[in-house]
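[1] No letters, just coordinates:
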Ligand code: 3PG
């Protein structure tokens, strides 16, 4: 799987936290229907792997990315559940090496030139920039690109990305997508307000279309 191409085709990736497995499929349906087919299901809850498998089986058109993959057992569970790729908020060389051995595309989080350099050294072609707004925002990524553009590295900023600043990020060609929790707010998921989530996804998809074409 070409991670930059797949994630880039969506442009905005909902970062989702599933507390109740019964919510997984209707949530994914709303996001896909709204126009965001690539979903990051985070390993922040116990049912993450089950949610990935269930969405994959029951929601046509959804592409599943496992998120917050910090431990070896999460990597293995993500693969077994059918995730197409894994992302993490930080850079752990041991996890990246294990993902390489498993043939699992892995996008680690970086926030410094040194971490980016190490990630590239392990063969990563795409990195999260996390926490994007606190770590320096779009200016910081542009400054990193001054030194790293020639490597072809692609970025996925997350952390503080919102409708108000997503366009600034997406206007940078090397930023193939942004991730965020705003498209699937906790209260809307808890209330089962799928119409609101579909509308937020549609708004985000329209923004991507406007910037990336
Ligand atoms: C992530 O893991 O990417 C972040 O939790 C997303 O950050 P946000 O809640 O600011 O969108």
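    Alright, I've got the coordinates. The model shown is predicted, which means the values in this text are computed figures rather than measured ones.

[2] Show me what counts as buried in stretch 195-206.
    For stretch 195-206, the neighbour count (16 or more other CB atoms under 10 Å) marks 196-198, 200-202, 204-205 as buried. All C-beta atoms are positioned from the backbone trio N, CA, C, and that covers glycine.

[3] out of these, which are inside helices?
    Counting by DSSP state H, the part of the buried residues of stretch 195-206 found in helices is 196-198, 200-202, 204-205.

[4] TSV please, covering those residues and showing pLDDT.
    Shown next, in TSV, are these (pLDDT from 0 to 100):
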residue	pLDDT
196	98
197	98
198	98
200	98
201	98
202	98
204	98
205	97
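
[5] and those residues near the ligand, which?
    The subset of those lying close to the ligand, counting by CB under 6 Å from any ligand atom, is empty.

[6] The worst-scoring helix or strand of the chain on mean pLDDT packs against which elements?
    In the chain, no helix or strand scores lower on mean pLDDT, DSSP states H and E than helix 3-10, which sits at a mean of 93. Contacts defined by 3 or more CB pairs under 8 Å, 6 or more residues apart in numbering; DSSP states H and E place helix 3-10 against strand 38-42, strand 63-67, strand 85-87, strand 126-129, strand 154-157.

[7] possible to save those as CSV with distance to residue 102 and mean pLDDT?
    What follows is these, written out as CSV (distance: least, CB to CB, whole Å; pLDDT from 0 to 100):
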stretch, distance to residue 102, mean pLDDT
strand 38-42, 18, 98
strand 63-67, 12, 98
strand 85-87, 9, 98
strand 126-129, 17, 98
strand 154-157, 21, 98
